[in-house]
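[1] Predicted structure and sequence below. I'll ask about it afterward.
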Amino acid sequence: MPAERDRYKWVALSNTTLGMLVATINSSIVIISLPAIFRGIHLDPLRPGNVSYLLWMLMGYLVISAVLVVAFGRLGDIYGRVKMYNAGFAIFTAASIALALTPGVGSAAALELIALRIVQGVGGALLMANSMAILTDAFPVGQRGMALGINQVAALAGSFMGLLIGGLLADTNWRAVFLVSVPFGIFGTVWGYLKLRETGQRGTRGRIDWAGNLTFGVGLIAVLVAITYGIQPYGGHTMGWTSSLVLALLLGGVALLGLFLVVERRSQDPLFQLDLFRIRAFSAGNLAGLLASISRGGLQFMLIIWLQGIWLPLHGYSFASTPLWAGIYMIPLTLGFLVAGPVSGWLSDHHGARPFATGGMLLTAASFAALMLLPIDFPYLVFAALLLLNGIGSGLFAAPNTAGIMNSVPARQRGAASGMRATFQNAGFVLSIGLFFSLMIAGLAARLPTTLYSGLTANGVPPATAERIAHLPPVGSLFAAFLGYNPIRTLLGPAALARLSPAQASNLTGTDFFPRLIAGPFQHGLAIVFLAALVMSLVAAGASWLRGGGRYVHEELDQPAPAAARTGG
């Protein structure tokens, strides 16, 4: 029934694209909305005891989705990809409703929201793990790149659209941040149950790999939790990487992940299909995807801090309004994704993944190099052009890389392959938070104390008070800027401000003082961050090139791949 199959593939594309869009919007919508959420539940996110609530509100969704996507992809191979995908939409929607209706206040409400965000992440993981496999099943070889490109660009664009949507809704009511997903979730769930059907090959029914699930899940959670606490102050240190808890979590997590590899080699029904890494297009594509995800996540966070903490206040925007305007000023990045993704997916169907994935990463690397050369108070048109260039580069890379990975694997293992690909992408995003925040904090710690001390004392702050504030961990200033709080007002507090003259207090808490104070130290840290992102983009470009040339697609039937196939892309 060619006509029916042709209609079905567009149903599959539209539903899975909606699913990926709402899942990824919710991975970032909370970033911008955190100040409004914490005000709504009457909790100060910048108090030392509340920083963990802040981080877990942000990270819980990301961590749980990174951990579960492989298991859910494997379950899709065994029990049906559509069945798992539809369950994900339903769970995601139910959690969104519960988040919007959270009744509590204070720390109890924060814990409720974190727990429900984790449940929402379970639904998101089911969507992410199976959407690519459903599309690969539904579309013929010659159209997969286009279909996966549209879906992937929706996923990547969603993470940036979440910033804008969160800023708009948070100004209205914090509950709307979670409620906005509900109508789309209900529609997508009902539509999926009515219209989606199993069209692909399943793996043979087997037992759940409990040992593999346990070692992988606990090991990855331990590593990601260690990263979360590693960027928080510890004792007299600016970060917690020397904490015994962080070291134990890191070493224990790595040991469990090593044990996981041993378990998987002996398992008859493994969670992780390690044999897939023998396919060069699969292994090279996932390495490139991991590095691209790390560099892209770092870019997103650094741009938010750059705009909210420095550029927007210098141009007359109040700190309270900067989260919304940061999302607006980052629109060129999203436009680049939207323009380049589907086009590169269509072109890769005809010319192979390698030239576009490699070229996209080289273009991204060039944009990082150019961003390093920008002054802190940049001309916006130049900044927007570089964001557009970065978005185009990422869009050129994303669709062909995904299509190359999914085309290279046997049909019966597409769910597992999709889950593994999503694990690398999601884990990369969480790793980027730990890596780039650590690099930025290290850069600030080298220069900020001296600059902050001299700036405060020059404006009448007593030396003892200035000394205390100057030696507070820089993460406090970063989080304040990140959340749209006035950092100096937050650091000094009302009592210290009351002892200053009105002119001094007005100068210290105005929109110019903190941005100009932090500009030098921040630029030093920013150069380190963008250099790291540049190097990762170049390595990702190299991995993309090594995937091999041509348009090889793994045999659609359960047949061994020809020898040439294992090096194709």
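    Yep, that arrived.
[2] What's the mean pLDDT across stretch 310-329?
    What stretch 310-329 shows for mean pLDDT is 84.
[3] What of stretch 342-362?
    82.
[4] Show me what counts as buried in it.
    By neighbour count with 16 or more other CB atoms under 10 Å, stretch 342-362 contains the buried residues 342-349, 351-362. All C-beta atoms are positioned from the backbone trio N, CA, C, and that covers glycine.
[5] just checking, which of those residues belong to helices?
    Counting by DSSP state H, these place 342-349, 351, 354-362 in helices.
[6] close enough to count as contact, residue 532 and residue 298?
    Yes. Judged on CB atoms under 8 Å, residue 532 makes contact with residue 298 at a distance of 7.3 Å.
[7] so what sits against both of these two?
    Residues touching both residue 532 and residue 298 (CB atoms under 8 Å, 6 or more residues apart in numbering): 435-436.
[8] Tell me which of these two has more neighbours.
    Set side by side, residue 532 and residue 298 show more neighbours around residue 298, with 26 against 18, by other CB atoms under 10 Å.
[9] Not counting sequence-adjacent ones, nearest residue to the more buried one?
    Ranked by CB to CB, 6 or more residues apart in numbering and with sequence neighbours excluded, the top spatial neighbour of residue 298 is residue 436, at 3.6 Å.
[10] Can you report how many residues lie near that neighbour?
    Neighbour count for residue 436, taken as other CB under 10 Å: 27.
[11] got it, and the one 5 residues further on?
    Counted with other CB under 10 Å, the neighbours of residue 441 add up to 21.
[12] Repeat that for residue 114.
    The number of residues near residue 114, taken as other CB under 10 Å, comes to 18.
[13] what's the answer for residue 316, then?
    Neighbour tally, residue 316, other CB under 10 Å: 9.
[14] tell me the contacts of it?
    Residues in contact with residue 316 (CB under 8 Å, 6+ apart) are residue 511.
[15] For the stretch 201-350 of the chain, give me the ranges with low pLDDT.
    By pLDDT under 70, the low-scoring segments of the stretch 201-350 of the chain are 201-208, 236, 271.
[16] The same query, at a cut-off of 90, please.
    201-246, 257, 260-285, 293-310, 313-314, 316-328, 330-331, 333-350 (pLDDT under 90).
[17] Which residue ranges make up each domain of this structure?
    2-199+269-443+522-567, 444-521 (automatic domain parsing).
[18] deepest of the ones you listed, which one?
    Looking across those with neighbours counted as mean count of other CB atoms under 10 Å, the highest average goes to domain 2-199+269-443+522-567: a mean of 22.
[19] Go ahead and measure how far that domain is from the middle of the chain.
    On the basis of CA atoms, centre = their mean, to the nearest Å, domain 2-199+269-443+522-567 sits 6 Å off its chain's mean C-alpha point.
[20] What of stretch 493-510?
    That offset, for stretch 493-510, works out to 38 Å (CA atoms, centre = their mean).
[21] Contact partners for the residue nearest to residue 298?
    Residue 436 neighbours (CB under 8 Å, 6+ apart): 297-298, 301-302, 529, 532-533.
[22] Just give me the closest of those to residue 143.
    Nearest to residue 143 among the contacts of residue 436: residue 297, at 30.0 Å, using CB to CB.
[23] Can you give me the distance of residue 532 to residue 396?
    21 Å (CB to CB, to the nearest Å).
[24] What of residue 138?
    From residue 138 to residue 396 the distance is 24 Å (CB to CB).
[25] One more: residue 27?
    Residue 27 sits at a distance of 22 Å from residue 396 (criterion: CB to CB).
[26] now do residue 379
    Residue 379 sits 26 Å away from residue 396, going by CB to CB.
[27] before we move on, what about residue 228?
    For residue 228, the distance to residue 396 equals 32 Å [CB to CB].
[28] wait, what's in contact with residue 160?
    28, 300, 327, 330, 333-334, 337 are the contacts of residue 160 under CB under 8 Å, 6+ apart.
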